[in-house]
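> kindly generate the corresponding structure for this input.
(one chain, ligands or ions: 2)
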Amino acid sequence: MTHILALDQGTTSSRAIAFDGEMRPVASAQREFDQHFPRSGWVEHEPEDIWDTTLATAREVAQDVGGIAAIGITNQRETVVVWDRETGKAIHRAIVWQDRRTSDLCHDLRGGDFEELVRTRTGLLVDPYFSSTKVKWLLDEVEGARAAAEAGKLAFGTVDTFLIWRLTEGRVHATDATNAARTMLYDIHKGAWDADICEALGIPMSMLPDVRDSDGDFGETTLLGGTIPIRGVAGDQQAATIGQACFTPGMIKSTYGTGCFALLNTGDTAVASENRLLTTIAYQMGGQVTYALEGSIFVAGAVVQWLRDGLGILGQASDAGPLARKADPGQDVILVPAFTGLGAPYWDAECRGAVYGLTRNSGPAEFAKAALESVGFQTRDLLDAMEADMGKPIEGVLRVDGGMSASRFAMQFLADITGAPVDRPPVLETTAMGAAWLAGQAIGIYPDAETFASGWSAEMRFDPKMDPDLRADRYAAWKDAVRRTLTRG
Ligand SMILES: Nc1ncnc2c1ncn2[C@@H]1O[C@H](COP(=O)(O)OP(=O)(O)O)[C@@H](O)[C@H]1O
Ligand SMILES: O=P(O)(O)OC[C@H](O)CO
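Ligands and ions are numbered 1, 2, ... in the order given. As a prediction, this is how the structure comes out:
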């Protein structure tokens, strides 16, 4: 039997999932790895941990199913690895997307021509979230790094690129267009690295990988038994967009993992946001770019982890919904989970979390309810910004996935507060499925986009049930709470 192996290298764990010829997941393995927080606001991963967990899970699953026809890679985005081309060793730990160490630098870079250049060419905002200022930090701070980079001895990559390099044993230094689009170094209109931005940040272009189609040819690996081609690569949120079959302009998916990332397919038009959303690449196939508007929220499932590990009021994440159902409906407790600032559409890196409306009777149930509702409120912020950018209401359904979409309470509130039906597919591993589909259709064993999309169906639909007046009141209360939390008022 022919299988496609999807490698999903996420923020907290590496997963390998084998899909059979019918695109059904048939075997999987997962390994968590350590998170390093050397200072407040800094987040690092050990590149060898990323590699070891990826290789171990890939080997386990490959052995389980036997023949693998092709590999698809999907990855946590923006995270930076810089390594020595000669030895293959990283010069420093990976700097993770959540890391805020370049806040001051980004602050200094805002407000002038550079910010405008970044916005118009990369579709992004000047924020520590993206890769470029992290690369600059490494070149400035690691001894000898800048000289080595200028001599062409160092390679930069997002995690996909690092894994491709390792899997091909240094033969291929490449990424796909979706990952390139998250670096803040890539012109998404021209489809090329931007020399002006690289020069402004002092990043030698010799460090940068070759950019290919998401279903391009990324070489072969002999490390999993036999010779297996790598034929699909996409950032995890883009892979989820593909796995949710959001191939038509106007379709939206929203993934609830550690954070939440909503992508609206805008077809061949790169819509410039007036509402602080990101313009990004959904996928590139056959040289043809499909764009998306993206809203990025930094804390979604992480708020449930906080209830469990920080407050200790949950035994496990799945207790959150049942606890929230016990909350006193008369209390309007609002939690703004700005643990690391707020992402879209506010982009306030300095503000921190807050709780409003506490009474003497507020307890664990009210906290659980407020935490789950905060994710719905934040998604409504994104959808409103998308509607404003598109100049028309967003019709249709929100397709959801990710670990937190398992919560029926959270998904029902999401439908209630957005007023949009919410569809949840039977396979929540849509990220891996998207990467597998890219690779599988590239080698001709999976159907084309149209056929894949027509076969897509929801396992569960959540219809909005909230009274429209109550919806308006509750959302106004959220907006008021956010206004009071922002450092910029
Ligand atoms: N039943 C549940 N109810 C609420 N949150 C959940 C539930 N199950 C998982 N989560 C949350 O989902 C997140 C894990 O989702 P996952 O997609 O694996 O994230 P990531 O890929 O970012 O590591 C965790 O933050 C966890 O708190
Ligand atoms: O690893 P995840 O699923 O939390 O996704 C991380 C995103 O790609 C960051 O942009």
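
> what kind of secondary structure is Leu7 in?
strand (DSSP: H, G, I helix; E, B strand; the rest coil).

> ligand 2 contacts on the stretch 251-400 of the chain?
Proximity of the stretch 251-400 of the chain to ligand 2 is confined to Gly257, Thr258, Gly259 under the rule Cβ under 6 Å from any ligand atom. All C-beta atoms are positioned from the backbone trio N, CA, C, and that covers glycine.

> can you map out the helices along the stretch 101-250 of the chain?
Ranges of helices within the stretch 101-250 of the chain are 103-109, 113-122, 132-141, 145-150, 159-167, 177-180, 195-201, 236-243, based on DSSP state H, counting those that start in this stretch.

> quick one: distance of the second one to the chain centre.
Counting by Cα atoms, centre = their mean, to the nearest Å, helix 113-122 is centred 22 Å from the centre of its parent chain.

> in it, which residues are buried?
Phe114, Leu117, Val118, Arg119, Arg121, Thr122 (16 or more other Cβ atoms under 10 Å).

> correct me, but the third one touches Asp196?
Read it as Val118. No - using Cβ atoms under 8 Å, Val118 is not in contact with Asp196; the gap is 9.9 Å.

> anything in contact with each of these two?
Counting by Cβ atoms under 8 Å, 6 or more residues apart in numbering, Val118 and Asp196 have no shared contacts at all.

> quick one on the thing from earlier: quick one, which of the helices of the stretch 101-250 of the chain is nearest to ligand 1?
Among the helices of the stretch 101-250 of the chain, helix 236-243 comes nearest to ligand 1, with 7.3 Å by Cβ to the nearest ligand atom.

> I'd like the average pLDDT over the helix or strand just after that closest one.
For helix 236-243, the following helix or strand on the C-terminal side (DSSP states H and E) is strand 252-256. For strand 252-256, mean pLDDT is 94.

> wait, what's in contact with the residue in the stretch 151-300 of the chain positioned nearest to ligand 1?
As assessed by Cβ to the nearest ligand atom, ligand 1 sits closest to Gly257 within the stretch 151-300 of the chain, at 2.8 Å. Each residue near Gly257 by Cβ under 8 Å, 6+ apart is listed here: Gly10, Thr11, Ala300, Gly301, Gly402, Gly403, Met404.

> same thing with Val159?
Each residue near Val159 by Cβ under 8 Å, 6+ apart is listed here: Gln9, Ile50, Asn75, Gln76, Thr79, Val81, Ala94.

> list the contacts for Asp84?
Ala90, Ile91, Ala148, Lys153, Leu154, Ala155.

> dig out what the first one forms beta bridges with.
Ala90 has these beta-bridge partners by DSSP bridges: Trp83.

> burial of it, as a residue count?
Ala90 sits with 23 neighbouring residues when counted by other Cβ atoms under 10 Å.

> could you measure from it over to ligand 2?
Relative to ligand 2, Ala90 is positioned 19 Å away (Cβ to the nearest ligand atom, to the nearest Å).

> so that residue touches Pro47, yeah?
Yes - look at Ala90 against Pro47 with Cβ under 8 Å: they come within range, at 4.0 Å.

> hey, what's in contact with both of these two?
Common contact partners of Ala90 and Pro47 (Cβ under 8 Å, 6+ apart): Val81, Trp83, Phe162.

> which of the residues you listed are buried?
Buried residues within these, counting neighbours by 16+ other Cβ under 10 Å: Val81, Trp83, Phe162.

> for Pro364, give me its contacts.
Pro364 is in contact with Leu311, Ile313, Leu323, counting by Cβ under 8 Å, 6+ apart.

> how close does the second one get to ligand 2?
Spelled out, that is Ile313. Taken as Cβ to the nearest ligand atom, the span from Ile313 to ligand 2 is 23 Å.

> quick check: that residue is in a strand.
No - under three-state DSSP, Ile313 falls outside any strand and is assigned coil.

> around ligand 1, which positions in the stretch 251-400 of the chain sit nearby?
With Cβ under 6 Å from any ligand atom as the criterion, the stretch 251-400 of the chain comes near ligand 1 at residues Gly257, Thr258, Gly301, Ala302, Val304, Gln305, Ala317, Ser318, Ala320, Gly321.

> kindly write the PyMOL command that selects the buried subset of those residues.
The following PyMOL command selects only the buried members of those, with burial defined by 16+ other Cβ under 10 Å:
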select buried, resi 257+258+301+302+304+317+320+321
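
> in TSV, list the residues of the stretch 251-400 of the chain next to ligand 1 along with distance to Leu372 and secondary structure.
Shown next, in TSV, are those (distance: Cβ to Cβ, whole Å; DSSP: H, G, I helix; E, B strand; the rest coil):
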residue	distance to Leu372	secondary structure
Gly257	15	coil
Thr258	15	coil
Gly301	10	helix
Ala302	13	helix
Val304	7	helix
Gln305	13	helix
Ala317	11	helix
Ser318	12	helix
Ala320	6	helix
Gly321	7	helix
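
> tell me which two of the residues of the stretch 251-400 of the chain next to ligand 1 sit farthest apart.
Longest distance between any two of those is 18.2 Å, between Thr258 and Gly321; criterion Cβ to Cβ.

> neighbours around Glu169, how many?
Other residues close to Glu169 by other Cβ under 10 Å number 12.

> so for stretch 335-345, what's the average pLDDT?
In this model, stretch 335-345 has a mean pLDDT of 91.

> swap that for stretch 358-376, sorry
Across stretch 358-376, the average pLDDT comes to 96.

> likewise stretch 15-34?
Averaged over stretch 15-34, pLDDT sits at 95.
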